[in-house]
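[1] okay, structure incoming, though there's no sequence with it:
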């Protein structure tokens, strides 16, 4: 038997009954704090360290070129005792400059690449939230 129920009442098994109570809204847990922001200690130190290491490669290239020139001179002047020591300076100078540039560049890269906590001043955080009855954004300023 179908009955028309008045108001918000519903029909169950031929009789009018009140609807079941609505589920309580689900409380959302607060969002976990964001992890601390890390920044490099010094981008300039890191960049100069990389440039120093790359430039050390030029010193090694001069050293290798001087070594090949010296050995080529010795082969060309085999037995005649030609002056092949003039290329020795290129080899030694290139190796010394490469060692110095590498010795300076590596600490610059290591120290400049270390990460540290960013200063916490002037931080804005946006957190989304969702519930059964609605959704939104929460905005937090830490000044």
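    Nice, I can see it. Quick caveat, the model's predicted, so the values are computed rather than measured.

[2] list phi and psi for residue 15.
    phi -130, psi 150 (degrees, to the nearest 10).

[3] I meant to write residue 16 there.
    Torsion angles, degrees, to the nearest 10, at residue 16: phi -90, psi 130.

[4] what sits against it?
    3, 5-6, 9-10 (CB atoms under 8 Å, 6 or more residues apart in numbering). To be clear about C-beta, it is placed using only N, CA and C from the backbone, and glycine gets the same treatment.

[5] what stretches of the chain score poorly on pLDDT?
    Within the chain, the segments meeting pLDDT under 70 span 1-3, 79-82, 119-122, 143.

[6] all helices of it, in order?
    Counting by DSSP state H, the chain has these helices, from start to end: 43-76, 88-113.

[7] switch these over to TSV; also include mean neighbour count.
    What follows is the helices of the chain, written out as TSV (neighbours: other CB atoms under 10 Å):
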stretch	mean neighbour count
helix 43-76	15
helix 88-113	16
